[in-house]
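Asks: generate coordinates for the sequence data below:
(2 chains)
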Amino acid sequence: MNRSLPFEVFRYAAISLALAVTLVPTLWMASMAFKPIAEWSAAGVDLTWWPKNPTLDNFRFIFGTSTSDLIVALDRTAGKPILSSLFSAVFGTLIAMGCGTAAAYGLSRFGSGKNLPLALIQLRLFPPMAVMIPVMIMWAFLGMVDSWWGLALIYGIVTLPFAFWLMKTFFDDMPREIEDAALVEGCSRSRVFMKITLPMMRPALASSALFVFILNWSDYLIALLLTTREWVTIPVYMASLSSSMTGQLYGAKAALGLIAAVPPVIMGIAIQRHLVRGLTFGALKQ
Amino acid sequence: MTSLANPEKVSMADVALDDSLRAEDGGRRLGFLLTLPAQLLVLFIAVFPLLMQLYISLTDWSPLDGIGWWQAYELWNSFANYTDLMADSRFWSALGRTALVMAICVPAEFLIGLGLAILFVDDFVGKRVFYSIMLIPMMVVPAVAGYMFFMLFQSGGPVNDILSGLTGMNVAIAWLSDPTTALIAVMIADIWQWTPLMFLILLAGLVGVPEDQVRAATLLGASWWQRFRTIVLPKMKTIIVIALAIRVIENFKIFDTLYIMTGGGPGVATETISVYIYKVTQQDLIWGYVAAIALVILVALSILVSLAISRMNAAKGA
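Replies: Below you'll find the predicted structure:
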């Protein structure tokens, strides 16, 4: 819109400031993850911005192979929570993508389930906290509290709206001529769907699945309510990581936070082309 | 499901489909089967739980009573939970606080996001890399973001260190222990995390504004502000509404970052509606009462949304 020199200077200055504000919190955590305990907090001394004696002790500590000068040992390591986050997010994504893709195709091609678009948006609208009482009771009744499969089921339901809407817009965009040709050749409809449509949709399916996975992986509240001990996820485990002897375990938590934060950031950047579509329920395509 | 109930409606819609794909019986059956799992999940999570919630909300039931939820009628209290709620000052102040956080965070995210999006519209060196970096905050797990800001706002933490450097004084604010600064801190964390979403959506909208119209206006001597106000903004209206709606809805649910940073404290200084419900659920364990709160919120939200939708439809028709 504008190309004058002062504007360019202003542009780079403003963007540099925004980048600094964006990066400082993340970098602070990354640097904290590699700091030895003596540099964790600035008790009277100067703040350590960059680890002076970088160490992997924090990572060893949360996996139980070092006590990181803390004398305390953890009663359980980060291994199981990482598995729990991974299982529940992966299987939750499979449920959401399976049901969402099928329903989106049904609506996009055969006009079935016309109530779904609105019903699913409403599902997304409500604060999870306002529907969790019955969910907690039902999950207890079904014996799914504190299990990764119980989490996977609720994640699948919570992210179904995104899977459905994303895939619906992709199916709506897809040209129908190829499907038509196969039908004329005598393929059955279900065969066309399995053998032609789905393979063609592979990139769309991959982007949508990554998007849904990020949402599932990011949950804290639901896991906080539905897991107690055996299958707590990373955020719940992280919040419980503190020791009465040392107070906040800054470095250990930062190490865990880094492990939790890196996968979704990489995935998110990989699918940035489709982020707008996903976040606006397909109302806006980039 | 609808397809079976209203065959006429479906055939109307299918006129738009290609001839060979027109939903004859085979297609309709496949469509029904394909949508069935999603329909069942919606029923499973919407209808039955809501009825259960309504039932429990009329009782004093708590998971500690030792009786199953279906026997909650033994603790029937009619509408006592709802009348209690009207007089529950902690609930109302949590609701007010949620509104305050929303009234500050959403406009701030919108304005900063729009400003950045305007800077990113045309090409410049480094655009792609900067763009990717700008999106990072919204991908960070919110609970982890909460923990980042918990560290940043410690009295010996980097925020005070930067402020000390800028002012030349020794700043040692105990951010998260003071009611006012704690609220400011959690709002800063929310703005940090969700401005990128506004930026992303608004930039997509700005890029979609037809360039020839803008160029024509430039040739006619329109100033930047005139072009922005008369051409760009009207074209962006829908997108702005979508972006604001998404943030209003999500901001109302605010929990993860905030709860990790302050736990709703000090006292109840940062207790938003989700935090309040969580605390009553986990600490007081009066689930009958929680169910009543939750239902009131659900009904209020539904009314608001249907009002908003009908107003939008009216605006579209006019």
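
Asks: how many neighbours does residue 176 have?
Replies: All of this refers to chain A. 16 (other CB atoms under 10 Å in any protein chain shown). In this view, the C-beta of every residue, glycine as well, is placed from N, C-alpha and C.

Asks: wait, chain B was what I had in mind.
Replies: 22.

Asks: go ahead and confirm it touches residue B:188.
Replies: No - using CB atoms under 8 Å, residue B:176 makes no contact with residue B:188, being 11.6 Å away.

Asks: list the contacts of residue B:311.
Replies: Residues counted as contacts of residue B:311 (CB atoms under 8 Å, 6 or more residues apart in numbering or on different chains): none.

Asks: that one: which element?
Replies: helix B:287-317 (DSSP states H and E).

Asks: pLDDT on that helix, on average?
Replies: Averaging pLDDT along helix B:287-317 gives 85.

Asks: now it, how far from the centre of its chain.
Replies: Centroid separation for helix B:287-317 versus its chain: 14 Å, with CA atoms, centre = their mean, to the nearest Å.

Asks: can you mark which positions in it are buried?
Replies: B:287-298, B:301, B:305 (16 or more other CB atoms under 10 Å in any protein chain shown).

Asks: and the closest residue in space to residue B:184 that isn't next to it in sequence, what is it in contact with?
Replies: Sequence neighbours aside, residue B:175 is the residue nearest to residue B:184 in space, at 7.7 Å (criterion: CB to CB, 6 or more residues apart in numbering or on different chains). Counting by CB under 8 Å, 6+ apart, residue B:175 touches B:153-155, B:159-160, B:181-182, B:184-185.

Asks: out of those, flag the one nearest to residue A:174.
Replies: Among the contacts of residue B:175, residue B:185 lies closest to residue A:174 (CB to CB), at 46.6 Å.

Asks: run the chain-centre distance for the host helix or strand of that closest one.
Replies: In this assignment (DSSP H and E), residue B:185 forms part of helix B:179-207. Here helix B:179-207 is found 12 Å from its chain centre; the criterion is CA atoms, centre = their mean.

Asks: and it, what does it pack against?
Replies: helix A:5-33, helix A:272-279, helix B:89-119, helix B:136-139, helix B:142-152, helix B:233-252, helix B:256-262 (3 or more CB pairs under 8 Å, 6 or more residues apart in numbering or on different chains; DSSP states H and E).

Asks: quick check, central residue of chain A?
Replies: residue A:214 (2.2 Å; CA atoms, centre = their mean).

Asks: if I look at that residue, how far off is residue B:219?
Replies: Remark: distance between residue A:214 and residue B:219 (CB to CB, to the nearest Å) = 44 Å.

Asks: dump the residue contacts of the residue nearest to the centre of chain A.
Replies: By CB under 8 Å, 6+ apart, the residues touching residue A:214 are A:264, A:267-268, B:139.

Asks: now those in CSV, with distance to residue B:265?
Replies: Formatted as CSV, these follow (distance: CB to CB, whole Å):
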residue, distance to residue B:265
A:264, 28
A:267, 34
A:268, 32
B:139, 28
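
Asks: can you say which of those are buried?
Replies: Judged by neighbour count, with 16+ other CB under 10 Å as the criterion, the buried members of the contacts of residue A:214 are A:264, A:267-268, B:139.

Asks: identify, from those, the entry nearest to residue B:169.
Replies: Residue B:169 lies nearest to residue B:139 out of the buried ones among the contacts of residue A:214, by CB to CB, at 36.1 Å.

Asks: and that closest one, how far from chain A?
Replies: Distance from residue B:139 to chain A, counting by CB to the nearest CB, to the nearest Å: 4 Å.

Asks: need the pLDDT of that residue.
Replies: You'll see residue B:139 listed with a pLDDT of 93.

Asks: identify the spatial nearest neighbour of it, chain neighbours not counted.
Replies: residue A:268 (3.6 Å).

Asks: the one you found touches residue A:279, doesn't it?
Replies: No - counting by CB under 8 Å, residue A:268 stays clear of residue A:279, with 10.9 Å between them.

Asks: which element is the residue in chain B that chain A sits nearest to on?
Replies: Per CB to the nearest CB, residue B:31 is where chain B lies closest to chain A, at 2.9 Å. Under the criterion of DSSP H and E, residue B:31 resides in helix B:25-56.

Asks: residue B:194 versus residue A:11, what's the distance?
Replies: 23 Å.

Asks: show me which of these two is the more surrounded one.
Replies: Higher neighbour count among residue A:11 and residue B:194: residue B:194, with 25 against 16, using other CB under 10 Å.

Asks: need the nearest residue in space to that one, chain neighbours excluded.
Replies: Nearest non-adjacent residue to residue B:194, counting by CB to CB, 6+ apart: residue B:109, 5.3 Å away.

Asks: tell me, how many residues neighbour that neighbour?
Replies: Neighbour count for residue B:109, taken as other CB under 10 Å: 24.

Asks: hang on, the earlier thing: can you add distance to residue B:271 and give the buried residues of helix B:287-317 back as CSV?
Replies: Formatted as CSV, the buried residues of helix B:287-317 follow (distance: CB to CB, whole Å):
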residue, distance to residue B:271
B:287, 19
B:288, 21
B:289, 16
B:290, 15
B:291, 19
B:292, 18
B:293, 13
B:294, 16
B:295, 20
B:296, 17
B:297, 15
B:298, 20
B:301, 19
B:305, 25
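
Asks: of those residues, which are in range of chain A?
Replies: For chain A, the contacts drawn from the buried residues of helix B:287-317 by CB under 8 Å from any CB of the partner chain are B:287, B:290-291, B:293-295, B:297-298, B:301, B:305.

Asks: tell me if I'm right that residue A:80 and residue A:234 touch.
Replies: No - judged on CB under 8 Å, residue A:80 makes no contact with residue A:234 at a distance of 10.2 Å.

Asks: out of those two, which sits in the busier spot?
Replies: residue A:234 (26 against 16).

Asks: on that earlier part again, for the contacts of residue A:214, which one is nearest residue A:131?
Replies: Taking CB to CB as the measure, residue A:131 lies nearest residue A:264 of those, at 24.6 Å.

Asks: residues in contact with that closest one?
Replies: Neighbouring residues of residue A:264 by CB under 8 Å, 6+ apart: A:213-214, A:217-218, B:139-141.
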